[in-house]
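K.L.:
sharing a model that was predicted from the sequence below.
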Amino acid sequence: MHHHDPANPTEGPAPEGRLGEAISRLLTILASDDMRRWRPRMAFAFLITLIAKGFAVASPIAFGEGVNVLTRGAADGALATGLFGAAAVMFVAYGLLRFAASGTPQLRDAIFAPVSQDAQRLTAVQGFAHVQTLSLSFHQTKRTGAMNRIIDRGANAVDFLLRFLVFNILPALAELMLAAIVAAVLYGWIFSVIIVIAVIAYAVTTGLMTEWRVKLRRQMNEADTEVNARAVDTLTNFETVKAFAAEQREADRYDDAKKRYADAASKSQQSLAGLNAAQAAIMNGGLLAVALTGGWMALNGELEPGDVAALTLMLMNVYQPLNILGWAYREIKQASVDLERLFQTLRLKPEVADKPGAATLALKGGGVRFDHVSFAHEGRDRSVSDMSFEIAPGSFVGLAGPSGAGKSTLLRLLFRFYDPDEGRVLIDGQDIAGLSQSSLRNALGLVPQDVVLFNDTLRENILYGDPQADEDALWDSVERARLKDFVLSLPKGLETRVGERGLKLSGGEKQRVGVARAILKNPPILILDEATSALDSETESEVQAALAEAARGRTTIAVAHRLSTIAKADQIIVLEDGHVTEQGDHPALLAAEGRYAAMWRRQAEAGELA
């Protein structure tokens, strides 16, 4: 099992999935405001279910009465025709009641379908929306696929539990109660006792044996995994096997694994047979007890023969929903676990959250100030410590320094993906910790080192910067990002899908789509995170021109590995080990003969400055 990491609910031991908790979670979902409009439907569906159970208990009584009419008639030597009419009425009633008992649940399913689908939708959307709000650190430590499965399974569990608990288990209990009462009133309390004891014995035996079978199933699955691992391992490393002349040895080890699996699988099948046999024994024991008791009472004149038939049918009806009990028990436990997993995720709190009554950022030019900021990533001691500097509104500032110096961490603190441990980050004099995240991030534009595009059209990817933008603004940003010729060269233009039919964009095209997106967003503060480091020098000059265009008239912060990209900056801040070591413009820093000058010389010799 994976070690348990509290920040990561997708790993670690599975929750117990207690049924009581699952039911209370279900009730929470059903009681939510979004589900209010479905209340009448829910009530109606449940009512219908109970009525169906009434029909189910009544039908055997009609059948029994029909038999009684026949036996009385036979005793009195009455006319066959009149008698048949009286009995036929009872048998027709039996048929109709039975049909009503089995048909009504179909009506209920039809009525309830939209409710169940809506409950699933709300649960899934709630999970999805919550995961979106979680902090960056959460998303960096979890597996995306696993998250998606948790949301999906949690939503399906809602549907399953609704259908099973509300429409199978609860009504089965209602039918049991009803049958016990009717049997006691019409035929004698002893039958109620037999019916109830038989059902309880059935349920308890099924529960205990299913628990034991779950363990056997687990062993079988483990053995199965082992067989597959063994086989794949051997077949992928066949050269090694041959080189060591170990073919026979491998075959023997495979045989061992297969034997273990065969053993576990037989046990699992035998346990199922055992469970079915035990269930049949209890069922038939109950029926036998009813038949014998009824027969004895009929001989003593306390009951009529039809009553014995009615009781037997009644007990068979009560057993009907129990047939799937073993399967339902396992599934309900699994659904409870899935639901609990989803709720564990919903309970996670974002580390960075808006403060109550968070203010909206009021922009006055876009000046940025770091004021004695310290921050350490979990498990890393270095990041940034006691960092202070100021970026004037509208200026172009370069951040330089070796990797691990804290450049990317600075950007993440500015976006407030993390809150600093000490100190403050200010935009136009406002501490960003007190601002709403959306107003802060709407003011920041980012062109990252590796622009990530959604698998959608070029148009949609550029509009991600500002979904409300009109056509003119869109083409203006395409032109300013030096993308126009490329777009016009495509047969479908902006409607071209980014990831389809081999039209994968080159690195330079991708970066320019990123630039167009940032220009369209038109943010007061633009952040370039090594936006050209992955490109060759020819493409880079293209993208560089696009970036210079994007930077015009706004505060721009450029993190650069290649110093030539920030040589023209108004101010260059050099970081090392999370501290500011030097700052000034390019000529001043070269003259200072410090860290920056050394880096510049090294890159010049390596020909990296071209």
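P.N.:
Thanks, I have the structure now. Numbers count the residues shown, from 1 in each chain.

K.L.:
make it CA atoms for all contacts and neighbour counts henceforth
P.N.:
OK.

K.L.:
for I572, helix, strand, or coil?
P.N.:
With DSSP: H, G, I helix; E, B strand; the rest coil as the basis, I572 sits in strand.

K.L.:
and the gap between D338 and A22?
P.N.:
Distance from D338 to A22, counting by Cα to Cα, to the nearest Å: 9 Å.

K.L.:
okay, those two: which has more neighbours?
P.N.:
Neighbour tally, D338 and A22, criterion other Cα atoms under 10 Å: the higher count belongs to D338, 27 against 23.

K.L.:
the more buried one contacts R149, correct?
P.N.:
No - using Cα atoms under 8 Å, D338 is not in contact with R149, being 9.6 Å away.

K.L.:
give me the residues contacting stretch 244-262.
P.N.:
With contact meaning Cα atoms under 8 Å, 6 or more residues apart in numbering, stretch 244-262 is reached by M220, A223, D224, E226, V227, R230, A231, T234, V241.

K.L.:
in that stretch, what counts as buried?
P.N.:
For stretch 244-262, the neighbour count (16 or more other Cα atoms under 10 Å) marks E250, Y254, A257, K258, R260, Y261 as buried.

K.L.:
swap in stretch 86-98?
P.N.:
Going by 16+ other Cα under 10 Å, stretch 86-98 has these buried residues: A87, A88, M90, F91, A93, Y94, G95, L97, R98.

K.L.:
quick check: which element contains the second one?
P.N.:
This means A88. helix 80-133 (DSSP states H and E).

K.L.:
following that helix, which helix or strand comes up?
P.N.:
helix 136-141.

K.L.:
now the terminal residues of stretch 180-194, how far apart.
P.N.:
9 Å.

K.L.:
could you do stretch 582-595 as well?
P.N.:
8 Å.

K.L.:
contacts for that stretch?
P.N.:
A567, K568, A569, D570, Q571, I572, I573, V574, L575, Y596, A597.

K.L.:
who wins for most neighbours among those?
P.N.:
I572 (26 neighbours).

K.L.:
what's across from that residue in the sheet?
P.N.:
G398, G584 (DSSP bridges).

K.L.:
identify the residues contacting it.
P.N.:
V397, G398, L399, A400, I566, Q583, G584, D585, H586.

K.L.:
out of the buried residues of stretch 86-98, flag the one nearest to L208.
P.N.:
R98 (32.6 Å; Cα to Cα).

K.L.:
so, low pLDDT: which residues of the stretch 401-550 of the chain?
P.N.:
Applying pLDDT under 70 to the stretch 401-550 of the chain flags residues 500-503, 531-539.

K.L.:
hey, where'd the strands end up in it?
P.N.:
422-427, 430-431, 444-447, 525-529 (DSSP state E, counting those that start in this stretch).

K.L.:
which residues touch the shortest one?
P.N.:
The contact list for strand 430-431 (Cα under 8 Å, 6+ apart) reads L361, R424, V425.

K.L.:
by neighbours, which of these wins?
P.N.:
V425 leads the contacts of strand 430-431 on contacts (other Cα under 10 Å) with 24 neighbours.

K.L.:
next one: the residue lying closest to that one once chain neighbours are set aside from E390, what distance?
P.N.:
Leaving out its chain neighbours, the residue that sits closest to V425 by Cα to Cα, 6 or more residues apart in numbering is F370, at 4.8 Å. Distance, F370 to E390, by Cα to Cα: 6 Å.

K.L.:
can you check S266 too?
P.N.:
S266 is 73 Å from E390, by Cα to Cα.

K.L.:
OK, contacts around the residue nearest the centre of the chain?
P.N.:
With distances taken as Cα atoms, centre = their mean, I151 lies nearest the centre of the chain, 1.7 Å away. I151 sits next to A124, G127, F128, L342 when contact means Cα under 8 Å, 6+ apart.

K.L.:
so for the host helix or strand of it, mean pLDDT?
P.N.:
Assigned by DSSP H and E, I151 falls within helix 144-161. For helix 144-161, mean pLDDT rounds to 84.

K.L.:
that helix: what's the following helix or strand?
P.N.:
helix 170-186.
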